[in-house]
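In: The following comprises the amino acid sequence and a computationally predicted model.
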Amino acid sequence: MASPPSPSPHDRSRPEDENDPVDQMISRTGCAPLHYAVQECMAEHQDWRQCQPQVKDFKECMMSFQNAQREQLLKQRATGTESV
């Protein structure tokens with residue numbers, strides 16, 4: 001009985017149910033719908049210049065998330081140093 005062929009070492013594809021780490025990261029920010037809007041626009045127009053409104057919205061969302069994360073970290077550091 002022949003064994004199944006071994007996968008090619010060059011095959012970097014993932015099973016469909018395995019999430020992309022970048023998609024997971026973006027989903028945690030709450031900006032995923034805006035990211036998908038950028039992707040859809042790029043697929044439709046094939047020209048990033050025509051997708052600037054979507055890129056701007058996504059960028060603003062990501063910046064808001066990063067600023068909130070930074071503020072939370074600063075608060076944690078401040079409360080941690082008060083107890084010392």
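Out: Ah, there it is.
In: Name the single longest helix found in the protein.
Out: Looking across the chain with DSSP state H, the single longest helix is helix 52-82.
In: Packing partners of that helix?
Out: With contacts defined as 3 or more C-beta pairs under 8 Å, 6 or more residues apart in numbering; DSSP states H and E, helix 52-82 has these neighbours: helix 21-29, helix 32-45. (Glycine included, C-beta is placed from N, CA and C.)
In: And the residue nearest the centre of the chain?
Out: The centre of the chain sits closest to residue 26, judged by C-alpha atoms, centre = their mean, with a distance of 2.7 Å.
In: these two touch, right, that one and residue 35?
Out: Yes: the criterion here is C-beta atoms under 8 Å, and residue 26 meets it with residue 35 at 5.0 Å.
In: remind me which residues of the chain are low pLDDT?
Out: For the chain, the stretches flagged by pLDDT under 70 are 1-18, 81-84.
In: ok so, going back, and residue 75, which of the helices and strands packed on helix 52-82 is closest to it?
Out: Of all those, helix 21-29 sits nearest to residue 75, with 18.9 Å by C-beta to C-beta.
In: distance between the closest one and the chain's centre?
Out: Relative to the centre of its chain, helix 21-29 is centred 4 Å away, using C-alpha atoms, centre = their mean, to the nearest Å.
In: now stretch 56-65
Out: 12 Å.
In: mind exporting that stretch as CSV, just the C-alpha atoms?
Out: Presented in CSV, the C-alpha positions along stretch 56-65 are these (Å, rounded to 0.1, in the frame of the first residue of the first chain):
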residue,chain,number,x,y,z
LYS,A,56,-7.3,57.4,6.0
ASP,A,57,-10.2,55.9,8.0
PHE,A,58,-8.2,52.8,8.7
LYS,A,59,-5.2,54.8,9.7
GLU,A,60,-7.2,57.0,12.1
CYS,A,61,-8.8,53.9,13.7
MET,A,62,-5.4,52.3,14.2
MET,A,63,-3.9,55.5,15.6
SER,A,64,-6.9,55.8,18.1
PHE,A,65,-6.3,52.2,19.2
